[in-house]
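J.: below is the sequence, then the predicted model.
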Amino acid sequence: MKTAADRFPALDLARRQADAYGNHAIDEFFAGRITRRELLRYASVIGLSLVGGGVLNAPRASAQGSTKPGAPSSQTIRVAHLTPAGAVDPLTVTDAASLALLNQTGEFLIDDDGEKLMLKPALALSWKPNDKGDVWTFRLRENVKFHDGQPFTAKDVVATFDRLADPASGSAALSVLKGVLSKGGAKAVDEHTVAFHLDAPNGNFPYYVSSDNYNAVILPASYAGGYEKSFIGTGPFKLEKYQPKVGASFVRNPDYWGEKALPERVQFSFYADQQAQLLALQGHQADVMGTFTVQGGAAILNNPDYKAVGVKSSAHRQIHMRNDNPLFKDKRVRQALALSLDRDVLVRGLFKGRAQLGNDSPFAPVFPSSDAGVPQRKIDIAKAKQLLAQAGVPNGFDVTLTTEKYMEIPDLAVVVQNAAKAIGVRINLKVESQSLYYGAGTPGKSDWLDSPLGITDYGHRGVPNVFLNAPLTSTGTWNAAHFRNAQYDQLVAQFVAAVDLASQKKISGQIQTLLLDETPIIIPFFYDQLIAMRKGVNGVRFTALAQLYFDRAVLSA
């Protein structure tokens, strides 16, 4: 769920990308869509040399033609993409750059719709629980083949989830599946039916095997590793070429079980950070860029030649206060810090309105189970000062806030620092790289989990279960707040077990109310997931998890 830290542009990487994939700016120049000055400017940015007559010393790529909507074409969709943090492997990936590559060729049992957070059939046609909610039965799609020609059956689903649920496998999906599904819990009923026998009742289990669990792409039962060599899957595209740290290309799968992909090819070029991606987009080297953020993206947001589109998400920042630290042991101190923040200003200032207010619980407005009737916490300086006085610290205190250099988080840290001054709390900032901040990810070896006050990034999920468990339950693996509350643990167990939405919403209201009172963490907002593209690009689908789908994408002339 963690993403790679921003880095300065790596221009030597851009030079290698141009050598490997051809300089498409030349096509734009010959087509009359950019001037010679723009061509030369882009050449200087990526370091390409010029030869006689002023032509770039790079091979000319074939021009892309337009296509009629709904008809397969010879088009190539070019994507400026962040460089994967490491090896691309469905079992282990956790960064946004890698997970977006998985769904180019791989498919899930269920798709979590990017806009409405509704589940749609994919490799599974239907699913239903038993009365207790601890066994879920899935009926699988027939006549589906992997890219190597193997038929897709229940044994592939069983093998995939046995691998993901195995504590010895190094699976990143254990953050989702631990305590929910154990190895051996998935059983083939027949060739096209699978029953998941859960560790405990779970009303939201379909989300755990959907695209919301980005590690859960279905692989053949015979899969033995080496994913980057094949990107084996059942999807509408199959691997053409993958070069670590350089790029990847995928071509239309002619044997796909569903509607054939419209573009012939999707070509990813890897970049070190958003600024390098923006240069590629503005230099007509790319048609789309993922993981677009408001910070540093004003040139796109205000330019009619491009469009930034977004979906609402549950992605957020958690400001944790260690409940076992003398400074924050009294909940009135924690409440006071939460009351010092003006959330409306944060949404407008940091996200230009492309975010929703947070109410210090993981229940985002996008979740159907969230109880909107719980009163919204608002800034109240007088009340905050009163609470500090009641807690015995009328003159405030000194504390260090530790956080990561990632997206808008350093700016958020400054806002928190300034807001705290108004109530007499003096905050020193320690902003460090993500590798230093997260450390080993275990107590005693992680600034994230050990700091008295910190800010952590949390990516989108389709249901709040992971957010409720890992950071906040007494035994949660991500419990940076060191929050221990038996009533909370019991309510979360009830919420997870609830099968119907009405029951979930009733329990969520109790959880939200408890967290507002205890305030182990502050969640000031939930921000939209954005992508940017040229105005002639249509049909790109994406999710709040930064997954990108290009099978319906078209380029207009």
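T.: That came through fine.

J.: make it CA atoms for all contacts and neighbour counts henceforth
T.: Will do.

J.: residue 540 touches residue 550, doesn't it?
T.: Yes. Applying C-alpha atoms under 8 Å, one finds residue 540 in contact with residue 550, separated by 5.3 Å.

J.: separation between residue 529 and residue 271?
T.: 19 Å (C-alpha to C-alpha, to the nearest Å).

J.: just residue 255 next, same as before
T.: Counting by C-alpha to C-alpha - residue 255 and residue 271 are separated by 32 Å.

J.: same check on residue 427?
T.: Relative to residue 271, and taking C-alpha to C-alpha, residue 427 is found at 35 Å.

J.: which one of those two is surrounded by more residues?
T.: Neighbours per residue (other C-alpha atoms under 10 Å) separate residue 427 from residue 271, with residue 271 holding more: 26 against 21.

J.: so how far is stretch 515-530 off the chain centroid?
T.: Offset of stretch 515-530 from its chain centre (C-alpha atoms, centre = their mean, to the nearest Å): 17 Å.

J.: now do the same end-to-end measure for that stretch.
T.: Stretch 515-530 has an end-to-end distance of 29 Å (C-alpha to C-alpha).

J.: now do the buried residues in it.
T.: 515-516, 518-530 (16 or more other C-alpha atoms under 10 Å).

J.: among those residues, which lie within helices?
T.: Judged by DSSP state H, helices contain the following of the buried residues of stretch 515-530: 515, 516, 518.

J.: which ones are touching the residue lying closest to the first one once chain neighbours are set aside?
T.: When the adjacent residues along the chain are set aside, residue 515 lies closest to residue 361, with 6.2 Å between them (C-alpha to C-alpha, 6 or more residues apart in numbering). Neighbouring residues of residue 361 by C-alpha atoms under 8 Å, 6 or more residues apart in numbering: 512, 515, 516, 521, 522, 523.

J.: of these, which is the nearest to residue 297?
T.: Proximity of the contacts of residue 361 to residue 297 (C-alpha to C-alpha) peaks at residue 523, which lies at 24.0 Å.

J.: now that closest one: how far from residue 369?
T.: Residue 523 is 17 Å from residue 369, by C-alpha to C-alpha.

J.: same question for residue 286.
T.: 39 Å.

J.: could you do residue 267 as well?
T.: 38 Å.

J.: can you count the residues close to residue 377?
T.: With other C-alpha under 10 Å as criterion, residue 377 counts 18.

J.: mean confidence for stretch 169-179?
T.: The pLDDT scores in stretch 169-179 average 89.

J.: tell me the buried residues in that stretch?
T.: Result for stretch 169-179 [16+ other C-alpha under 10 Å]: buried residues 171, 172, 173, 174, 175, 176, 177.

J.: the fifth one is in what secondary structure piece?
T.: For residue 175, the element it lies in under DSSP states H and E is helix 174-177.

J.: which residues touch that helix?
T.: The contact list for helix 174-177 (C-alpha under 8 Å, 6+ apart) reads 164, 165, 166, 167, 208, 213, 466, 470.

J.: in strands, which of the buried residues of stretch 515-530 fall?
T.: Among those, the ones falling in strands (DSSP state E) are 521, 522, 525, 526, 527, 529, 530.

J.: could I get the full set of strands for the stretch 401-550 of the chain?
T.: Assigned by DSSP state E, counting those that start in this stretch, the stretch 401-550 of the chain shows strands spanning 426-432, 453-458, 521-522, 525-527, 529-534, 537-538, 541-542, 548-549.

J.: can you list those strands in TSV and add distance to residue 303 and mean pLDDT?
T.: Shown next, in TSV, are the strands of the stretch 401-550 of the chain (distance: least, C-alpha to C-alpha, whole Å; pLDDT from 0 to 100):
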stretch	distance to residue 303	mean pLDDT
strand 426-432	32	97
strand 453-458	29	95
strand 521-522	35	98
strand 525-527	22	97
strand 529-534	10	93
strand 537-538	15	96
strand 541-542	22	91
strand 548-549	23	96
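
J.: can you tell me which of those comes nearest to residue 203?
T.: Nearest of the strands of the stretch 401-550 of the chain (C-alpha to C-alpha): strand 453-458, 22.7 Å.

J.: what sits up against that closest one?
T.: For strand 453-458, the external contacting residues (C-alpha under 8 Å, 6+ apart) are 1-2, 315-322, 399-404, 409, 413, 448.

J.: picking up where we left off before, in terms of neighbours, single out the busier of residue 540 and residue 550.
T.: For residue 540 versus residue 550, the count of surrounding residues by other C-alpha under 10 Å is larger for residue 550: 21 against 16.

J.: report the contact partners of that one.
T.: Residues in contact with residue 550 (C-alpha under 8 Å, 6+ apart) are 77, 104, 261, 263, 266, 539, 540, 541.

J.: now the last one. Nearest residue, chain neighbours left out?
T.: In space, and not counting its chain neighbours, residue 541 is closest to residue 549: 5.0 Å by C-alpha to C-alpha, 6+ apart.

J.: what about that neighbour, how many residues nearby?
T.: Residue 549 has 19 nearby residues by other C-alpha under 10 Å.

J.: my guess is it meets residue 538, correct?
T.: No. Residue 549 is beyond contact range of residue 538, at 11.5 Å (criterion: C-alpha under 8 Å).

J.: which residues are in contact with each of the two?
T.: Here residue 549 and residue 538 have no joint contacts, going by C-alpha under 8 Å, 6+ apart.

J.: shaky segments in the stretch 151-300 of the chain?
T.: For the stretch 151-300 of the chain, no stretch has pLDDT under 70.

J.: which residues of it fall in strands?
T.: 186-190, 193-197, 237-243, 247-252, 265-271, 288-292.

J.: which neighbouring elements make contact with the fourth one?
T.: With contacts defined as 3 or more C-alpha pairs under 8 Å, 6 or more residues apart in numbering; DSSP states H and E, the secondary structure elements packing on strand 247-252 are strand 237-243, strand 265-271.

J.: need the contact partners of the first one.
T.: Outside of strand 237-243, the residues within contact range by C-alpha under 8 Å, 6+ apart are 104-105, 147, 228-232, 248-253, 261, 551.

J.: could I get the ones in helices among the buried residues of stretch 515-530 as CSV with distance to residue 355?
T.: Formatted as CSV, those follow (distance: C-alpha to C-alpha, whole Å):
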residue, distance to residue 355
515, 21
516, 20
518, 25
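
J.: report the rounded mean pLDDT for stretch 371-382.
T.: Rounded mean pLDDT across stretch 371-382 is 97.

J.: next one: stretch 474-494
T.: The model assigns stretch 474-494 a mean pLDDT of 96.

J.: and the contacts of it?
T.: The contact list for stretch 474-494 (C-alpha under 8 Å, 6+ apart) reads 320-324, 442, 448-452, 468-473, 507, 510-511, 514, 520-521.

J.: buried members of these into PyMOL, please.
T.: In PyMOL syntax, the buried subset of the contacts of stretch 474-494 is picked out as below (16+ other C-alpha under 10 Å):
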select buried, resi 320+321+322+323+442+448+449+450+451+452+468+469+470+471+472+473+507+511+514+520+521
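
J.: where's residue 82 relative to residue 147, distance?
T.: For residue 82, the distance to residue 147 - C-alpha to C-alpha - is 26 Å.

J.: of these two, who's got more company?
T.: Between residue 82 and residue 147, counting by other C-alpha under 10 Å, residue 82 is the more crowded of the two (27 against 23).

J.: so what's the more buried one up against?
T.: 97, 270, 271, 272, 273, 274, 277, 290, 291.

J.: can you tell me which of those is closest to residue 136?
T.: residue 97 (31.4 Å).
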